[in-house]
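# Sequence plus predicted model, see below.
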Amino acid sequence: MKKLSALMMIITVPLSGCVMQEGDFPSLQKRPYETEPTITEPAAPAPLLAPLPAAVQNKLDTAVAQSQAAHDEFLESLPSAKSRVAAARGSAPSSESWVVAHMALAALEIERSPSVEALADIDTLYRDQLEREALEDISGGIAAITVQRDAVEEQVARQQAEIDAMKNGLR
């Protein structure tokens with residue numbers, strides 16, 4: 001009996017909400033604030049696209065030229081270093097061919113160091129330009145630096161990959 005009364009209660013209580021009651025119910029039509037255009041904040045003025053200052057552009061050009069010159073020297077010395085490393089493969093550490101191969105790798109590291117320095121210089125220019133653009137609410141210079149930085153970074157990464165591959169061949 002208790003189960004039957006509990007079951008009746010469970011069924012009737014939710015259905016009582018469906019019974020029509022007397023009274024004034026709110027309309028389901030849209031309210032005025034739902035159809036009126038929303039108020040938007042005025043758009044902020046677009047930041048000025050500024051070219052790099054001449055001094056910054058000169059420093060960037062110098063760093064890129066420095067990196068390219070070092071990369072050209074690196075590429076010129078690479079075949080000789082590869083042949084010396086190939087000749088030293090399988091040789092005992094401290095043997096003459098092993099030492100010659102390591103000296104060739106060290107020479108490549110020295111030749112590529114201006115590229116690494118140029119990348120560091122470009123990173124400094126990037127940071128300084130980022131600060132300048134934030135303070136003066138301008139933009140555009142960062143994009144110019146980024147393009148050049150990416151090219152130099154690619155050269156440095158390729159140089160490092162070549163050196164790493166040769167070092168791994170000597171182990």
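Okay, I see it. Residues are numbered from 1 along each chain as shown.

# which residues in this structure form helices?
Taking DSSP state H to define them, one finds helices in the chain at 2-16, 32-35, 54-88, 96-136, 141-170.

# So for the third one, what gets flagged as buried?
Residues 56, 59-60, 63-64, 66-68, 70-71, 73-74, 77-78, 81-82, 84-85, 88 are the ones in helix 54-88 that count as buried (16 or more other CB atoms under 10 Å). Quick note: C-beta positions are derived from backbone N, CA and C, even for glycine.

# tell me the mean pLDDT for that helix?
Confidence over helix 54-88 (mean pLDDT, whole number) is 96.

# by how many degrees do it and helix 141-170 diverge?
Taking axes from the mean of the first three to the mean of the last three CA atoms, to 10 degrees, one finds helix 54-88 and helix 141-170 inclined to each other by 10 degrees.

# what angle separates helix 54-88 from helix 96-136?
Using the same axes, to 10 degrees: helix 54-88 against helix 96-136 is 160 degrees.

# In this protein, what helix or strand scores lowest on average pLDDT?
None of the helices or strands of the chain scores lower by mean pLDDT, DSSP states H and E than strand 48-49, at a mean of 54.

# where does this structure dip in pLDDT?
1-23, 25, 32-50 (pLDDT under 70).

# on that earlier part again, show me the one of the helices of the chain that comes nearest residue 26.
Closest of those to residue 26 is helix 32-35, at 13.3 Å (criterion: CB to CB).

# Give me the spatial nearest neighbour of residue 95, chain neighbours excluded.
The shortest distance from residue 95 to any non-neighbouring residue, by CB to CB, 6 or more residues apart in numbering, is to residue 88 (7.5 Å).

# circling back: quick one: the helices of the chain as TSV, columns for distance to residue 26 too.
Shown next, in TSV, are these (distance: least, CB to CB, whole Å):
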stretch	distance to residue 26
helix 2-16	20
helix 32-35	13
helix 54-88	64
helix 96-136	51
helix 141-170	55
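
# That concludes my questions; thank you for your assistance.
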